[in-house]
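Trainee: any chance you can model this:
(2 chains)
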Amino acid sequence: MKLETLPETSALISECFPDAVLETHEHRGDETLVIDKSKFLKVCEFLRDDSRCNFEMMVDLTAVDRLEQDVKPRFEMVYHFKSLSLSKRLRLKVHLEEEDSNIDSIHHLWKAVNWYERECYDMYGIIFNNHPDLRRIMMYDQFEGHPLRKDYPMDRQQPISELREVEERNEYERSL
Amino acid sequence: MSLAGRQLDTLVTPVPKGDPDTSIMEIEIGPAHPAMHGIVRFTTQLDGELIVGMDPEIGYLHRGFEKESENSKWIQVIPYTDRLNYVSPLLNNIGYSMAVEKLYGIEAPRRAEFTRVIMGEISRITDHLTCVGAAAMEVGAFTFFLWFIKAREYLWELVEEVTGARLTTNWTRFGGNATDIPDGFLDALQERLNKVKEIIAECDNLLTRNKIFIDRVKDVGAISKEDAISFGFTGPMLRACGVPYDVRRADPYSVYDEIDFEVPIGSTGDCYDRYLVRMEEIRQSISIIEQASDMMPVGPIMTNERMLNYPDKKDVYGNIEGLIDHFKLVMEGHQPPAGEVYLPTEGGNGEIGFYLVSDGSGDPVRVRMRPACFNYVEAMPFLTVGHYVADIVPIFGSVNMIGGELDR
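Mentor: Model (predicted):
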């Protein structure tokens, strides 16, 4: 990996975190970095705070389940960042093992992250460490499984949950 | 009440248990409430009429767009995108098709791009008309709503002429559009735009300097530039805070870089600024449509690339290549090369981005849509805490939540 041939941000991250960057590519002009999981939080802090990066906005956060492609590790976290002041975009990816599908939460860096991580947890079952409020967002609390995982069948039906008393529901939500 | 630096999770104030003297009351607003613009529930904690905490709950309209798409062929996703932001379905069609085109590395013919710009801007106007009209109605300006719906009807008739449907348009394809604009469409368009301009001017006189309206929306639901960026606000919501970020300008797609338009910004980021920004954007969109009409080139509306466009029926029945192409496209679907793309486009509500992953097999691996109003509803506690119950209505109206896009 030659630093000179890399796009600007990738080169900068590779220079500042030499052992964090596992892979880079620029498919169709989208600058992409694959980051080591243990360095993820540090890289995110750097991306937001360093004046050469200035990624003020977390645009999108999602996961990809690569079960059918038979690629190990199974999960891939995908983050999209946007810098308004420097007018550039960056995609950051982190690979997660199926048995160890947890990653540090970055909710304290960008306010938008909170709900996006909740959605990702709901849909993929990925645990975000230190997330303040990690509960389901789209599906209901009794829902079993995580619908966007590739091994969740399209036509699986779940029983209709019983109506609960209001007090009981509030107790339940807070206890989570 | 200063909210700077507070995290979202601290904006939920639990009602003290077993304290008969507590002045904090918990009240549910929604899920089905006339001022809720769809189905969303706000568990609100009130101290008298003052909002001290709020916890929005979404997901009532979750239809599994992403799951459904990942179990379809690439082309079969286009009708699903109509149902995301159902007030401006064409913008979703365009966003998705352009993302797949980016995956292929191709571009649609110029005529197709210009018609996309025109139809997209018509959709943006209908989106803003619906949002502003409904928000004004909820604070008492019912005339305004009816006039705007009348203007929206003029535009939807145009959409119907081109796509055959008012809402479920299903219009774009990979590498072009399903139908060309009909003969005499551009003249009809100009005529309709003139009518819309009249309505906008009249409504502007009616509302923009109306004391009753200003009292309800000025300094209500304000958010600072920094917080809005951190919350991932885009579109009119961010521009009302004074950040001139517009995807059409910042990351130009289609032919927007050839068109001259202004990006209106506000200063305080309150509901009144959002109203003003949306009104100005309607005018800018009309100007974009007029320029695109003048620049409209002649030519094909669909690319000629093999395995993208369905071959002519003449070829299907006339030669073996056409038959094979048709068979493979129908049975196996489009097969974009392996890779991943994220394409941001400017929707009616803000940045809508499609993140697509293909493994080259014809079945999408990942179809992800970044919903613009997800962030706005997430920030609702932040926008409302410290205001009064009655302010929820104008704030939520100005947020322009669309359930189909929020819950997917």
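
Trainee: can you give me the helices for chain A?
Mentor: A:8-16, A:40-49, A:113-124, A:166-175 (DSSP state H).

Trainee: quick one, which of these is nearest to B:T130?
Mentor: For these, proximity to B:T130 was assessed by CB to CB; helix A:113-124 is nearest, at 24.3 Å. Bear in mind the C-beta positions are built from the backbone N, C-alpha and C, glycine included.

Trainee: could you see whether chain B lies near the closest one?
Mentor: Yes. Against chain B, helix A:113-124 shows contacts by CB under 8 Å from any CB of the partner chain at A:114-116, A:119, A:123.

Trainee: and those, which is closest to A:V78?
Mentor: Using CB to CB, these come closest to A:V78 at A:Y116, 11.0 Å.

Trainee: excluding chain neighbours, what is closest to that closest one?
Mentor: A:L61 (4.0 Å; CB to CB, 6 or more residues apart in numbering or on different chains).

Trainee: list the contacts of that neighbour.
Mentor: Residues in contact with A:L61 (CB atoms under 8 Å, 6 or more residues apart in numbering or on different chains) are A:77-80, A:113, A:116-117, A:120.

Trainee: okay, these in TSV with pLDDT next?
Mentor: As requested, these are exported to TSV (pLDDT from 0 to 100):
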residue	pLDDT
A:M77	91
A:V78	92
A:Y79	92
A:H80	92
A:V113	90
A:Y116	91
A:E117	91
A:C120	91
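
Trainee: what does the stretch 101-250 of chain B put close to chain A?
Mentor: So far as CB under 8 Å from any CB goes, the stretch 101-250 of chain B lies against chain A at B:102-103, B:105, B:227, B:229-232, B:243, B:245, B:250.

Trainee: just the buried residues from the residues you listed, in PyMOL please.
Mentor: Remark: buried members of these, expressed as a PyMOL selection using 16 or more other CB atoms under 10 Å in any protein chain shown:
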select buried, chain B and resi 102+103+227+229+230+231+232+243+245+250
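
Trainee: next step: the residues of the stretch 101-250 of chain B next to chain A restricted to helices.
Mentor: B:102-103, B:227, B:229-230, B:250.

Trainee: make TSV out of the contacts of A:L61 and add distance to B:L155 and neighbour count.
Mentor: As requested, those are exported to TSV (distance: CB to CB, whole Å; neighbours: other CB atoms under 10 Å in any protein chain shown):
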residue	distance to B:L155	neighbour count
A:M77	41	23
A:V78	36	21
A:Y79	37	24
A:H80	32	23
A:V113	37	25
A:Y116	33	25
A:E117	38	24
A:C120	37	25
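
Trainee: which of those residues lies closest to B:M36?
Mentor: Nearest to B:M36 among the contacts of A:L61, with distances taken as CB to CB, is A:Y116, at 22.5 Å.

Trainee: so which residue of chain A comes closest to chain B?
Mentor: A:A112 (3.5 Å; CB to the nearest CB).

Trainee: related to what we said a few turns ago, farthest-apart pair in the residues of the stretch 101-250 of chain B next to chain A, please.
Mentor: B:G105 and B:D227 (38.2 Å).

Trainee: list the contacts of B:V393.
Mentor: Counting by CB under 8 Å, 6+ apart, B:V393 touches B:35, B:138-139.

Trainee: swap in 10 Å and give it another go.
Mentor: Counting by CB atoms under 10 Å, 6 or more residues apart in numbering or on different chains, B:V393 touches B:29, B:33-36, B:135, B:138-140, B:216, B:220.

Trainee: counting only strands, which of those residues make the cut?
Mentor: If you go by DSSP state E, the contacts of B:V393 have B:I29 in strands.

Trainee: where does chain B have low pLDDT?
Mentor: Scanning chain B for pLDDT under 70 picks out B:1-22.

Trainee: beta partners of the residue nearest to A:Y116?
Mentor: Residues in a beta bridge with A:L61, per DSSP bridges, are A:Y79.

Trainee: do the one 4 residues further on as well
Mentor: According to DSSP bridges, the partner residues bridging A:D65 are A:F75.

Trainee: neighbours of it, how many?
Mentor: For A:D65, the neighbour count with other CB atoms under 10 Å in any protein chain shown is 23.

Trainee: I'd say it and A:K150 touch.
Mentor: Yes. Here A:D65 lies in contact with A:K150, judged by CB atoms under 10 Å, at a distance of 4.7 Å.

Trainee: which neighbours do the two have in common?
Mentor: A:74, B:70, B:365.

Trainee: ok, now which ones touch whichever residue of the stretch 151-300 of chain B sits closest to chain A?
Mentor: Residue of the stretch 151-300 of chain B nearest chain A, by CB to the nearest CB: B:G232 (3.5 Å). B:G232 is in contact with A:56-61, A:82, A:110-113, A:115-116, B:238, B:350-351, B:370, B:372, B:374-376, B:378-379, counting by CB under 10 Å, 6+ apart.

Trainee: give me that answer again for 7 Å
Mentor: Shown in contact with B:G232 (CB atoms under 7 Å, 6 or more residues apart in numbering or on different chains): A:57-59, A:112, B:375.

Trainee: closest to B:D315 among those?
Mentor: Distances from B:D315 to the contacts of B:G232, taken by CB to CB, are shortest for A:V59, at 42.4 Å.

Trainee: that closest one touches A:H80, doesn't it?
Mentor: Yes. Using CB atoms under 7 Å, A:V59 is in contact with A:H80, at 4.3 Å.

Trainee: list the buried residues in stretch B:56-68.
Mentor: B:56-62, B:64-67.

Trainee: ah, wrong one, I meant stretch A:130-137
Mentor: So, applying 16+ other CB under 10 Å, buried residues of stretch A:130-137: A:131, A:133-134, A:136-137.

Trainee: pLDDT and distance to B:P300 added to the residues you listed, as TSV?
Mentor: Output for the buried residues of stretch A:130-137, formatted as TSV (pLDDT from 0 to 100; distance: CB to CB, whole Å):
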residue	pLDDT	distance to B:P300
A:H131	86	51
A:D133	82	52
A:L134	86	51
A:R136	87	48
A:I137	88	44
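
Trainee: B:G404 - that's part of a helix, no?
Mentor: Yes. Checked against DSSP: H, G, I helix; E, B strand; the rest coil, B:G404 lies within a helix.
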